[in-house]
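In: Turn this into a model:
(chains A and B)
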2 protein chains.
Amino acid sequence: MALLVQKYGGTSVANANRIKEVAERVVSTVKQGNKVIVVVSAMAGETDKLTKLSSKITDTPDEREMDLLLSSGERITSALTAMAIQRLGFKAMSFTGRQVGIITDSTHTKAMIERVDADRLVRAIQEDKIPVVAGFQGINEFSDVTTLGRGGSDITAVAIAAALKADLCEIYTDVEGVYTTDPKIFKKAKKMEKISYDEMLEMASLGAKVLHGRSVEFAKKYNVPLVVRSSFNKTPGTLVIKEDKDMEKIVVSGVAADKNQARITIMGVADTPGIAANLFNAIADENIIIDMIVQNISSDTKATDISFTVSRADCKKAFEITRKVSDKLGAKGVNMNRDLAKISIVGVGMVSHFGVAASMFDTLAKHGVNIMMISTSEIKISCVIDVKHTETAVRALHKAFNLENI
Amino acid sequence: MALLVQKYGGTSVANANRIKEVAERVVSTVKQGNKVIVVVSAMAGETDKLTKLSSKITDTPDEREMDLLLSSGERITSALTAMAIQRLGFKAMSFTGRQVGIITDSTHTKAMIERVDADRLVRAIQEDKIPVVAGFQGINEFSDVTTLGRGGSDITAVAIAAALKADLCEIYTDVEGVYTTDPKIFKKAKKMEKISYDEMLEMASLGAKVLHGRSVEFAKKYNVPLVVRSSFNKTPGTLVIKEDKDMEKIVVSGVAADKNQARITIMGVADTPGIAANLFNAIADENIIIDMIVQNISSDTKATDISFTVSRADCKKAFEITRKVSDKLGAKGVNMNRDLAKISIVGVGMVSHFGVAASMFDTLAKHGVNIMMISTSEIKISCVIDVKHTETAVRALHKAFNLENI
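Out: Purely as a prediction, here's the structure:
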């Protein structure tokens, strides 16, 4: 007997019929002798509908109110899914974020989980009930509803799997697994059988939308084995686990593309200590995540240019902040490029192979793709390019590293 | 400075624009120097939408899950309304049933309020915040969401007004007040300036849909003055208060019609003690409310017929239970009439006037309306009739008691 957490995304619970199908899958897993905890997202379209309603009322909704508003979607699905399982003659029981004991900090709309008080959940499982948890939400110390931000329901699933030491956390979605690259960009993309946490983490943070980085981090930290698979068929999916020897044989295992990048450059700022801290603290205060940072020596040797990338959604806010800081510091000016993409190659095998970066730059150059910024980690190399070159770059790299044949 | 509770019904918050109008009314009340607590219903249509979703999944939804499902509607409105007030530059803050401290029993879908732990609400008011409470919901001892049943948001408003000793509880709806009879049935119905709790209670329980009986009972018990008024204009509405001398001058103040009645008769049951208790306990166990009960001596002197009325929605369930009890007791049989209406005249002045009942029966007889059951209280006389005579009866009684000229 295994303890499984099954998380179903928005498209998997998009309507009453899909919810009934989810119930059947859950029940068939239980009939095979497993204990199952279900975690559900809001029905596809529901969160957008609520966001639109709020935007008709105000352009700057209070984040505490936004959390109460958006948390409704998952609560609705959890009640409906529990009903659908009960209809099949099994004991099911919905759990809100509070009831499942997800205690978070107070960063509304992007809260971090502090702990999981799973007593009631454990009791339900001991009583052979199938818990159906509303994903994406928790409560803070004031008993206010918080939401976990993007990929929040995945995080809920992994956090519960970690707290209860589940044998496996299955993430059901509308794709069959993790691909060597986005199949929408390149049709020859291949599904991977398995991938390491670190690779997945790089893929996720780089724009492969299957799993959000925070859920993978959580899974890695608590060593929760994940499976990404489709709720529409029985195909096995991709296993996300600790790296093993097999994985190291493959130098590059995937190409990721993030088409939502923007770059901001502050020019001619005095090259003295504390300047960068000044700027990036101001941006962090607004909960904006900065990705790459590059500092150049400008023509004037006493001054410097600093460039950084943020997601396009945050770029307006980041630009305003940077302009204010620029004025205060007496810099020469600030400019922004909103139409950028980040292309990355990822692979745990990279660590022990030379020339991977050179080979990437070479491939891009051959295809006329200009590189604007570069950043590297042990298992990843990323290049910022013009967004219009995204498809060309992905295809060329997929071929160059022979990903069609892995 | 007065402390006001303002409750806005589903049509008053039906869309983003209406919610903005509610915010403006709230803010204008605050600007006049009052403290305001807002209580909101689900947006019109929202509860139906959720109920339909659940009925696509199962015919017999679990009531705990139903409560979680339905409570979402009011949470959504409270978040949106708080945003709309904040947009006007005022401090607002949403409160869920839990946060406002509404503690109920565990009768899911029809929970009773046990107490209101209003500490957090009081603190918010002291900090000059405008609380926006999600109506219709509370939590039970297990920390599960409960809902208060029909008229639940009115009950929330009155309970909060009672707990905080508010000066007035305003119920905003889509009608301008309480009428001498249902204006949809009889156009010449007139709006009352004021009405006593007891009269309102009779009117409410008799099918005048403006205010639910439980909220009026609550208001009477804690002496909370109520106003029923429209959120679409500035018309003053109807005041619901303790009875005064003015009121006693009017013998009959209103005619109420309830077109959703059904009668069940159990025939030829042994006339021994405990029989009625047996039957009505079984029905009460299913949380079905019985209205009138009439017991006749049947042709067989050792046996009796018992008739009772329930709302049409409950009649199928009540019929099944009665049949089972009938079999057990060896009664002759059970029959049911589903197409009945209850017509009532109400007035505190009735106590001190003779001949009111006779005049009612006389009027109905003159118009060819057959009376099937009668029940009376100090301030009310009700007759069960065929539902097809409803309009005729209302018009005739409205005229007979001269309600057009009060």
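
In: Where do the strands of the stretch 51-200 of chain A begin and end?
Out: Along the stretch 51-200 of chain A, counting by DSSP state E, counting those that start in this stretch, strands occupy A:92-95, A:102-104, A:113-116, A:130-134, A:137-139, A:145-147, A:168-173, A:194-196.

In: And the third one, how far out from the chain middle?
Out: Using C-alpha atoms, centre = their mean, to the nearest Å, we find the averaged C-alpha position of strand A:113-116 to lie 19 Å away from the chain's own average C-alpha position.

In: So which elements touch it?
Out: On a contact count with 3 or more C-beta pairs under 8 Å, 6 or more residues apart in numbering or on different chains; DSSP states H and E, strand A:113-116 meets strand A:102-104, helix A:152-163. All C-beta spots, glycine's among them, are computed from the backbone N, C-alpha and C.

In: Chain B contacts on the stretch 1-150 of chain A?
Out: Taking C-beta under 8 Å from any C-beta of the partner chain, the part of the stretch 1-150 of chain A that reaches chain B is made up of A:16-17, A:19-20, A:50, A:53-54, A:56-58, A:61-62, A:64-66, A:68-69, A:71-72, A:75-76, A:78-80, A:82-84, A:86-87, A:93-94, A:96, A:98-99, A:143-145.

In: so what's A:L211 up against?
Out: By C-beta atoms under 8 Å, 6 or more residues apart in numbering or on different chains, the residues touching A:L211 are A:G151, A:D154, A:I171, A:V178, A:M200, A:A204, A:L226, A:V228, A:V240.

In: Check pLDDT for these and point me to the minimum.
Out: The pLDDT minimum for these sits at A:A204, where the score is 75.

In: Let me know how buried that one is, in neighbour terms.
Out: 25 (other C-beta atoms under 10 Å in any protein chain shown).

In: Quick one: name whatever helix or strand follows whichever strand or helix holds it.
Out: Assessed by DSSP states H and E, A:A204 sits inside helix A:197-205. Going down the chain from helix A:197-205, the next helix or strand is helix A:213-221, by DSSP H and E.

In: which secondary element of chain A has the worst mean pLDDT?
Out: strand A:293-297 (a mean of 76; mean pLDDT, DSSP states H and E).

In: So which elements touch that strand?
Out: helix A:275-284, strand A:303-311.

In: So what angle separates the directions of the last one and strand A:293-297?
Out: With axes from the mean of the first three to the mean of the last three C-alpha atoms, to 10 degrees as the basis, strand A:303-311 and strand A:293-297 are set at 160 degrees to each other.

In: Can you read off the pLDDT for A:A166?
Out: Predicted confidence (pLDDT) for A:A166: 97.

In: wait, A:L206
Out: We have a pLDDT of 67 for A:L206.

In: Next: the one 3 residues further on.
Out: You'll see A:K209 listed with a pLDDT of 72.

In: and it, what is it in contact with?
Out: Here A:K209 is in contact with A:D182 (criterion: C-beta under 8 Å, 6+ apart).

In: One more: the one 3 residues further on?
Out: A:H212 sits next to A:R150, A:G151, A:D154, A:I155, A:A204 when contact means C-beta under 8 Å, 6+ apart.

In: Can you list phi and psi of whatever residue of the stretch 101-250 of chain A ends up closest to chain B for me?
Out: Using C-beta to the nearest C-beta, the closest approach of the stretch 101-250 of chain A to chain B is made by A:S143 at 6.4 Å. When read as degrees, to the nearest 10, the backbone of A:S143 gives phi 70, psi 20.

In: That one: how many residues sit nearby?
Out: 11.

In: I'd assumed B:Q99 was in contact with it.
Out: Yes - with contact defined as C-beta atoms under 8 Å, A:S143 counts as touching B:Q99 (6.4 Å).

In: What are the buried residues along the lengthiest strand in chain A?
Out: Criterion DSSP state E: the longest strand present in chain A is strand A:254-270. Residues of strand A:254-270 classed as buried: A:254-269 (neighbour count, 16 or more other C-beta atoms under 10 Å in any protein chain shown).

In: Farthest pair within these?
Out: The distance between the two most remote of those (C-beta to C-beta) is 39.0 Å, for A:G254 and A:G268.

In: Can you list the buried residues in stretch A:177-189?
Out: Buried residues in stretch A:177-189 (16+ other C-beta under 10 Å): A:G177, A:V178, A:Y179, A:T180, A:T181, A:D182, A:I185, A:F186, A:A189.

In: Revised request: answer the last question for stretch A:237-252.
Out: By 16+ other C-beta under 10 Å, the buried positions in stretch A:237-252 come out as A:G237, A:T238, A:L239, A:V240, A:I241, A:E243, A:M247, A:E248, A:I250, A:V251, A:V252.

In: what's the answer for stretch A:141-160, then?
Out: Within stretch A:141-160, the residues that count as buried by 16+ other C-beta under 10 Å are A:144-149, A:151-160.

In: nearest to A:F136, of the residues you listed?
Out: Closest to A:F136, out of all of the buried residues of stretch A:141-160 and judged by C-beta to C-beta, is A:G152, at 3.5 Å.

In: which ones are touching the closest one?
Out: A:G135, A:F136, A:Q137.

In: Please apply the same query to A:T96.
Out: Contacts of A:T96 by C-beta under 8 Å, 6+ apart are A:R75, A:S78, A:A134, A:Q137, B:L68, B:V145.

In: quick one: which of the residues you listed is most hemmed in?
Out: A:S78 (32 neighbours).

In: Quick check: it touching A:S94?
Out: Yes - when contacts are counted by C-beta under 8 Å, A:S78 is listed as touching A:S94 (4.2 Å).

In: Report the set of residues contacting both of these two.
Out: A:V132, A:V133, A:A134, B:L68.

In: hmm, which two among those are most spread apart?
Out: Taking C-beta to C-beta, no two of these sit farther apart than A:V133 and B:L68, at 11.8 Å.

In: what touches both of the two?
Out: A:S78, A:S94.

In: Pull the most distant pair out of the contacts of A:H212.
Out: Checking the contacts of A:H212 with C-beta to C-beta, the most distant pair is A:I155 and A:A204, at 11.8 Å.

In: didn't A:G97 look like it was pressed against A:S143?
Out: No - between A:G97 and A:S143 there is no contact, the gap being 11.4 Å when judged by C-beta under 8 Å.

In: shaky segments in chain A?
Out: Within chain A, the stretches with pLDDT under 70 are A:205-208, A:297-301, A:406.

In: Skipping its backbone neighbours, what lies nearest the one residue sitting closest to the centre of it in space?
Out: Nearest to the mean C-alpha position of chain A, counting by C-alpha atoms, centre = their mean, stands A:H212 at 1.7 Å. Closest residue in space to A:H212, ignoring its immediate chain neighbours: A:G151 at 2.2 Å, by C-beta to C-beta, 6 or more residues apart in numbering or on different chains.
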